[in-house]
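Trainee: can't give you the sequence, but here's the structure:
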């Protein structure tokens, strides 16, 4: 039986955040900013990587769907709380 090399896994997330996000377009440039839920075009679920910051896991049409995905990943209900970490630029990917 051949020897298998041990896979090195990436650093796991140590926290998660859900934020409302609004799309903007000015002078041909598109960008996103974190906004309150009542202004949001969509909601993003972020995972925090220790020593590296936030990584966007996905963009969702509703906060409830973002929180459902969080619960599926972690096995816990989402409780509203933030580490006030910087939000990365929006890639305008597919919003589910």
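Mentor: Looks like it arrived, so ask away. Quantities reported herein were computed from a predicted structural model and do not represent experimental measurements.
Trainee: okay, buried residues for the helix or strand that residue 30 is a member of please.
Mentor: If you go by DSSP states H and E, residue 30 is part of strand 29-35. Using 16 or more other CB atoms under 10 Å as the test for burial, strand 29-35 gives 32, 34. In this view, the C-beta of every residue, glycine as well, is placed from N, C-alpha and C.
Trainee: in its sheet, what does that strand sit against?
Mentor: Strand 29-35 has these partner strands in its sheet, going by DSSP bridges: strand 15-26 (antiparallel).
Trainee: what is the rounded mean pLDDT of the strand it pairs with?
Mentor: Averaged over strand 15-26, pLDDT sits at 95.
Trainee: work out the gap between it and the centre of the chain.
Mentor: The chain centroid and the centroid of strand 15-26 are separated by 9 Å under CA atoms, centre = their mean, to the nearest Å.
Trainee: how about residues contacting that strand?
Mentor: 30-37, 39-48, 54, 57, 59, 63, 66-67, 70, 73-74, 78, 80, 82-83, 85, 87, 90, 92 (CB atoms under 8 Å, 6 or more residues apart in numbering).
Trainee: is there a quick ChimeraX command that grabs whichever of these are buried?
Mentor: If you want just the buried ones from the contacts of strand 15-26 in ChimeraX, going by 16+ other CB under 10 Å, the selection is:
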select :32,34,40,42,43,44,45,46,47,48,54,57,59,63,66,67,70,78,87,90
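Trainee: now do the SS call for the nearest residue to residue 70 once chain neighbours are set aside.
Mentor: Leaving aside its sequence neighbours, residue 70 sits nearest to residue 78 (CB to CB, 6 or more residues apart in numbering; 4.6 Å). Classification of residue 78 using DSSP: H, G, I helix; E, B strand; the rest coil returns coil.
Trainee: what's the separation between residue 78 and residue 19?
Mentor: 12 Å (CB to CB, to the nearest Å).
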